[in-house]
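Participant: Next come a sequence and a model predicted from it.
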Amino acid sequence: MAEIKLTVNGAQRVVDSDADTPLLWALRDDLGLVGTKFGCGAGLCGACTVHVEGQAVRSCQFPVSDAAGKAVTTIEGLAPSADQPHAVQAAWVAQQVPQCGYCQPGMIMAVAALLKETPHPTEQAIREGITNICRCGTYPRVVAAVQQAAK
Ligand code: FES
């Protein structure tokens, strides 16, 4: 165990953790940021997606020590302020994307990273770029929300 310094949602945080502990567990168990979800634990589903230095990463496969000194953003820190949702979050509400909702924080984080890199993606680019899995099959509404957020 060692003290690992992180910058999470703009705040300096310290976790006491093994270096190879997945970032997911440091966020959820040590910092109480439970918006980031555990799905497969194998890097396949994307429920655990967060941003590290603006890049979408699957935090179940990302050692917490690799995030030391880097900017980590979770779903709790995506919106610019408490009363102003991120454009992707606003589109999610407008398109009523979630069904059970479990995968949606990871989906939104993946989409926010995609749009930062590709502000106006084609439908094909959306479908190829977002590989997160949704058991409820909300994919058509995900695509519609991405297209709305991209306008
Ligand atoms: Fe990390 Fe599924 S829980 S990819």
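Facilitator: In hand now; what should we look at? Numbers count the residues shown, from 1 in each chain.
Participant: Mind jotting down where the helices sit in this protein?
Facilitator: Here the chain has its helices, by DSSP state H, at 23-25, 87-94, 104-117, 123-129, 139-149.
Participant: ranking those helices by burial, who's on top?
Facilitator: Burial of the helices of the chain is given as mean neighbour count (mean count of other CB atoms under 10 Å); helix 23-25 ranks first at a mean of 24. Bear in mind the C-beta positions are built from the backbone N, C-alpha and C, glycine included.
Participant: and that helix, how far from the chain's centre?
Facilitator: For helix 23-25, the separation from the chain centroid amounts to 12 Å (computed by CA atoms, centre = their mean, to the nearest Å).
Participant: Now it: average pLDDT?
Facilitator: Averaged across helix 23-25, pLDDT comes to 98.
Participant: again, but for stretch 89-98
Facilitator: When the per-residue pLDDT values of stretch 89-98 are averaged, the result is 98.
Participant: residues in contact with it?
Facilitator: Judged by CB atoms under 8 Å, 6 or more residues apart in numbering, the contacts made with stretch 89-98 from elsewhere in the structure are 78-79, 85, 104, 107-108, 136, 138, 141-142, 144-146, 148-149.
Participant: As a markdown table, the helices of the chain with distance to G10 would be great.
Facilitator: Compiled in a markdown table, the helices of the chain are given as follows (distance: least, CB to CB, whole Å):
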| stretch | distance to G10 |
| --- | --- |
| helix 23-25 | 17 |
| helix 87-94 | 17 |
| helix 104-117 | 16 |
| helix 123-129 | 26 |
| helix 139-149 | 22 |
